[in-house]
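Colleague: Got a predicted model here, sequence first, then my questions.
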Amino acid sequence: MTDLQKEQIKKIVYNLFAWGDNNENVCNKLILNLSTMKEEDVIDYLLVNINNLVEAMRIKSEDVFNNIDLITSLSDKYSTKEDLMTRLNW
């Protein structure tokens, strides 16, 4: 994983996962774990967990759409929101 991808992961985690009791240590552990995964596994993890957060109403759909460019920047294979939706629905 490139330094740019790691920086994007950090932004995603702090923008979408840093809510409620998720303190800095929890976020940093998640960033570290995601940074060691394969690109496709990171995308899958993010899609499933972000979807769960939306369904649980912990974040809003608009929060996801506001950060979609960060997510699509992680992978050439999933470079549009439509690609991500297809992957999520798979």
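Modeller: Thanks, I have the structure now. Numbers count the residues shown, from 1 in each chain.

Colleague: What about the nearest residue to residue 63 once chain neighbours are set aside, how many residues nearby?
Modeller: Once its chain neighbours are removed from consideration, residue 63 has its nearest residue in residue 16; the separation is 6.3 Å (CB to CB, 6 or more residues apart in numbering). (C-beta placed from N, C-alpha, C; glycine too.) Residues contacting residue 16 under the criterion other CB atoms under 10 Å number 21.

Colleague: And for residue 23?
Modeller: If you count neighbours by other CB under 10 Å, residue 23 ends up with 9.

Colleague: Who are the contact partners of the closest residue to residue 80 other than its chain neighbours?
Modeller: Take residue 80 and drop its neighbours on the chain: the residue closest to it by CB to CB, 6+ apart is residue 72, 6.3 Å away. Listed by CB atoms under 8 Å, 6 or more residues apart in numbering, the contact set of residue 72 reads 78-81, 83-84.

Colleague: if we go to 10 Å?
Modeller: Each residue near residue 72 by CB atoms under 10 Å, 6 or more residues apart in numbering is listed here: 8, 43, 78-84.

Colleague: Who are the packing partners of the longest helix along the chain?
Modeller: Once the chain is assigned using DSSP state H, the helix that runs over the most residues is helix 39-55. Judged by 3 or more CB pairs under 10 Å, 6 or more residues apart in numbering; DSSP states H and E, helix 39-55 is in contact with helix 3-12, helix 24-35, helix 61-66, helix 68-72, helix 81-89.

Colleague: Let me have the ones you listed in TSV, extended by distance to residue 55 and mean pLDDT.
Modeller: Formatted as TSV, the entries for the helices and strands packed on helix 39-55 read as follows, by distance: least, CB to CB, whole Å; pLDDT from 0 to 100:
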stretch	distance to residue 55	mean pLDDT
helix 3-12	18	92
helix 24-35	19	90
helix 61-66	10	91
helix 68-72	17	91
helix 81-89	12	87
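
Colleague: Distance to residue 48 for those - can I get that in a markdown table?
Modeller: Written out in a markdown table, the entries for those read as follows (distance: least, CB to CB, whole Å):
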| stretch | distance to residue 48 |
| --- | --- |
| helix 3-12 | 14 |
| helix 24-35 | 13 |
| helix 61-66 | 13 |
| helix 68-72 | 12 |
| helix 81-89 | 7 |
